[in-house]
Every structure is written in structure tokens, then in C-alpha cells.
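> Prediction below, plus the sequence it came from.
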2 protein chains.
Amino acid sequence: MDGRRSTRQRILDAATDLFGRRGVEAVSLDVIAAEVGVAKQTLLYWFPSKDDLVQTVLTEAAAELAVVIDAAVRAAPDSPLERIEAVVRAVFRPAVRRPALLGLVREVGRLAPAQAERLHGALAPLVDRAVAYLAAEMDAGRVRRGDPRLVAGLCYATVTGIATEPEALRSVGWQADVAGLRRLRSELLAFLRAALAPAVT
Amino acid sequence: MDGRRSTRQRILDAATDLFGRRGVEAVSLDVIAAEVGVAKQTLLYWFPSKDDLVQTVLTEAAAELAVVIDAAVRAAPDSPLERIEAVVRAVFRPAVRRPALLGLVREVGRLAPAQAERLHGALAPLVDRAVAYLAAEMDAGRVRRGDPRLVAGLCYATVTGIATEPEALRSVGWQADVAGLRRLRSELLAFLRAALAPAVT
DNA sequence: ACATCTCTCTACCATATGGTAGAGAGATGG
DNA sequence: CCATCTCTCTACCATATGGTAGAGAGATGT
């Protein structure tokens, strides 16, 4: 509890980063301890087991993500496209874009059902709100009609697909520098705008 | 080399499935051997090392995927929307949709650069062709204008995002049964059609 | 000064991992 | 019948893993 970030927090940060980049099962406690610069047993003092550490990392990441997105949506005007833009811009912010946070969603699929359940619990309110909002906007004719739940899922899949498969973009010659990120963000916005725009009748 | 599928092929099948579902690092040789029903050393007879097995699994999966998609594109009429539909239908075929094949793309990000390079090599011709095709269709005004490479990347991200994050869809109440898959496929088609449709001027 | 509490450490352990060495079963060919 | 080749096995090994036991350092309260 000295001037530096607390040991616990440094462990969490390192674990979040490593789990997100390499995968939960691929990262050992020794590696995390070495990264933080403490003994492995210091980890086990703060977190009773690796499972517990994983659980904490995922839960806090989900909570952080929820806060960021929620704030972005609330600050945006009540227009579907504006809101999408706000969320995309929020997700592209460096603090969120760091490999860990979005990369962790890739790990969810491998968790035991009970753990995955808890994680979804953290994001469920956001999802429900997004779906209800999409449904209302579809009714109002401001968003292309469709199954609001699946449309929300597809938007999510697109964004997380980018997060978890940046190689796909690199393989088409894209580079993850500042200019590249700006171009990707604007292309993603155009993509989602078009995908959601109401059909011309 | 008896009546059953050869041991080598059974090992490859099991490894593909396990790697795709649980991740390369999370699956041990013992687990694969148990799944196939042979001794671990039989694996090491057919594949000198785990690394070699991983390499083979990924390379063959990429090749299989390339063949399936290539055939679908060639069989489809020369229209952007028809081609997209053909690819989506191909990817949704059970043989491809099995957790392993598409799930493996999730592993690529964790490979050493040299390995990832080889994999992208297997898919590069497909990607290049898709990008060139998109660019031509954009020029012809049949596809919404944009950076063809990034648009291709976004389509890919959407599809792989679905493959690697089915939880996202389940968390909005979607179920992976036959009817659910049909609905998802048609929603995905509408989504991509809209995202790619030329802007109304 | 003493006791207590918080935090990090060294020393160790049982198990699982990827991998090696080499034997044995069964077919094939001279 | 023997030699060879293919394939799978049992028996080991060095290392790495998650986890336990317990000691010591430093602050804090009495």
C-alpha cells in the first residue's frame, strides 16, 4: 500500500494483459509473477488460486468495459447512428483497445458454464438495453428491420471479431498504427451505419 | 492402414476438434491420445512433436477452408451479393461449422509469427481475390465505396466473430439449434447485404 | 517493549507435461 | 524361414505447473 500501485493491482493488470494476449490456460502463475516482479507465492497470497485470479480478472474487465460503453451511450444523442458511433469511439479508446480487455472476450468461450454465466451477468444489462433500443428504433423505422437480438449480436461479433482477429486485417495489409486505427474506425462506422440503415423502399 | 480411418487421420481429426474448442495450449498430447484411443507415443510417432501436430492441424484446416470457400465462390453467379451469400452458406455448412475449423482461427493470433505467416499464406490467394473483386465492384458502383481491403477484413471479422463468440449470441437468447442457425444465417446475409449495398445518392 | 497484523519471501511437493529409448507385434518380400 | 519395414506399445525422464507450509520483515497499536 505504498506509493506505487498496490501489489494486488499490479498483479491484476499484468494478468489481464497476459490472459488477454496469450490465453488463460497458456499463462502460468510463474510468468505473471515474473512480469510483476514478485514471487509466485505473493500471487497466491492475494488470490487463493489461479482460478480465483482468472475469475477476478474477467469480472473486473467486464465491469470496466460495461462502464466505458455505458458512459459513451449515455453521453451520446438519442440517435441510433450517433450511439453506435459513440460506442465504437469508446471501444477504440486506447485504454479499452489494449490487447487485454477486448482480447479477454475470446477466453469466455472456454470457461466453465458457471464462470461464463457470471461474466454474462456483468454485461447483460447493457445487452438488454441495446436490444430494446434497437427494437424501438426498428419500429420507428430508423433502423433496418430484423431480429433486434441477432442484429445486436452481429454488431458485437463484428467489433469483437476485429479485436480478436487483428491478423485478418493485417493479412490485407492493414497496420495497427495511429493512422491505421483511424482509418479502421471510420471504415467500421461506415460499415455498421450501412448495415443498420433502414432499407430504402 | 486397415479398414478404419488411418491412425494418423484420426489423430488429426481429434486434434483439430480439441484445439479448435479448447485452444492449442490448453490441450495436452495425453488428452488427444485418450480421445483417439491410442498411446501418447503413437502421436509422437506420427508427428515428431506437438508443435508439428499443431502446424499440421492448422495448415490442413486452412487448406480445407480455402477449398470450400473457393468452390462456393466459383459456383456462384458473378454478382457481389450472390457471392457473399454463397460464401456464407458454405461457411454455415455443418462440415465447416463444426467448432474446430472456424474455431481454429482464434488460435492464429497466439502463434509465433513464422507459423502465422504460413497460415496466412494458405488463405492469402483467397483474400487477395476477394479484395480485388470488391474493388472492381466498388468501381462499378455495385458495392458501397470504401477501402476494399478493410471492407473485406470487416466481413471476415463479422463471420469469425460469430464463429468465435457464439456466447455473444447466446447471451441475447439465441440458440444453436437448426432453426436458430437458419435464422442466424439469414440475418447475417441481410446484415452483410446492407453493409455492402451501394449508397443511395 | 510487546503483540499483532499485513505482506512478501524461501523451501518444498504432487502431478502433468512434452519428449526419448527401445521393445514387440504383424505384415511383406526374397 | 529369415530379414525388413510399419506401426504401436511400455517404461522412463527432465521440466514446469498449481499449490502448501511456514518463516521473516516491517508497520501499527497498547
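Arrived safely, thanks for sending.
> Read off the pLDDT value for A:Ile84.
At A:Ile84, the model reports a pLDDT of 87.
> My read is that it contacts A:Leu192, right?
Yes - if you go by Cβ atoms under 8 Å, A:Ile84 and A:Leu192 touch, sitting 5.4 Å apart. Using the backbone N, CA and C atoms, a C-beta is placed for each residue, glycine as well.
> who's more crowded, these two?
A:Leu192 (24 against 21; other Cβ atoms under 10 Å in any protein chain shown).
> Please compute how far whatever helix or strand that one lives in lies from its chain's middle.
Assigned by DSSP states H and E, A:Leu192 belongs to helix A:178-196. Here the centre of helix A:178-196 is set off from its chain's centre by 17 Å, with Cα atoms, centre = their mean, to the nearest Å.
> Any part of whatever helix or strand A:Ala63 lives in near DNA strand C?
A:Ala63 is located in helix A:50-75, with elements delineated by DSSP H and E. No - counting by Cβ under 7 Å from any atom of the strand, DNA strand C is not contacted by helix A:50-75; separation bottoms out at 13.2 Å.
> That helix and chain B in contact?
No - Helix A:50-75 is not in contact with chain B by Cβ under 8 Å from any Cβ of the partner chain; minimum separation 11.4 Å.
> Report the buried residues of the helix or strand just after that helix.
Note on helix A:50-75: by DSSP H and E, the next helix or strand toward the C-terminus is helix A:80-91. Buried residues in helix A:80-91, counted by 16 or more other Cβ atoms under 10 Å in any protein chain shown: A:Pro80, A:Leu81, A:Arg83, A:Ile84, A:Glu85, A:Ala86, A:Val87, A:Val88, A:Ala90, A:Val91.
> Kindly report the same for stretch A:67-82.
A:Val68, A:Ile69, A:Ala72, A:Val73, A:Ala76, A:Pro80, A:Leu81.
> returning to that earlier point: shared neighbours, A:Ile84 and A:Leu192?
A:Cys155 (Cβ atoms under 8 Å, 6 or more residues apart in numbering or on different chains).
> Near DNA strand D, which residues of chain A are found?
A:27-31, A:40-41, A:44-45, A:48-51.
> mind running it again at 6 Å?
A:Ser28, A:Leu29, A:Asp30, A:Gln41, A:Leu44, A:Ser49, A:Lys50, A:Asp51 (Cβ under 6 Å from any atom of the strand).
> I'd like to know which of those residues are buried.
By 16+ other Cβ under 10 Å, the residues of chain A next to DNA strand D give A:Leu29, A:Lys50 as buried.
> got the residues of chain A next to DNA strand D as TSV, with pLDDT columns?
Compiled in TSV, the residues of chain A next to DNA strand D are given as follows (pLDDT from 0 to 100):
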residue	pLDDT
A:Ser28	93
A:Leu29	94
A:Asp30	93
A:Gln41	92
A:Leu44	93
A:Ser49	93
A:Lys50	93
A:Asp51	91
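> Can you lay out the residues of chain A next to DNA strand D as JSON lines showing distance to B:Val131?
As requested, those are arranged in JSON lines below (distance: Cβ to Cβ, whole Å):
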{"residue": "A:Ser28", "distance to B:Val131": "40"}
{"residue": "A:Leu29", "distance to B:Val131": "43"}
{"residue": "A:Asp30", "distance to B:Val131": "43"}
{"residue": "A:Gln41", "distance to B:Val131": "52"}
{"residue": "A:Leu44", "distance to B:Val131": "49"}
{"residue": "A:Ser49", "distance to B:Val131": "47"}
{"residue": "A:Lys50", "distance to B:Val131": "43"}
{"residue": "A:Asp51", "distance to B:Val131": "43"}
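> Report how many residues lie close to A:Val131.
A:Val131: 19 neighbours (other Cβ under 10 Å).
> Same question for A:Ile32.
21.
> wait, it sits on A:Thr42?
No - using Cβ under 8 Å, A:Ile32 makes no contact with A:Thr42, being 10.2 Å away.
> Quickly list what's touching both of the two.
A:Ile11.
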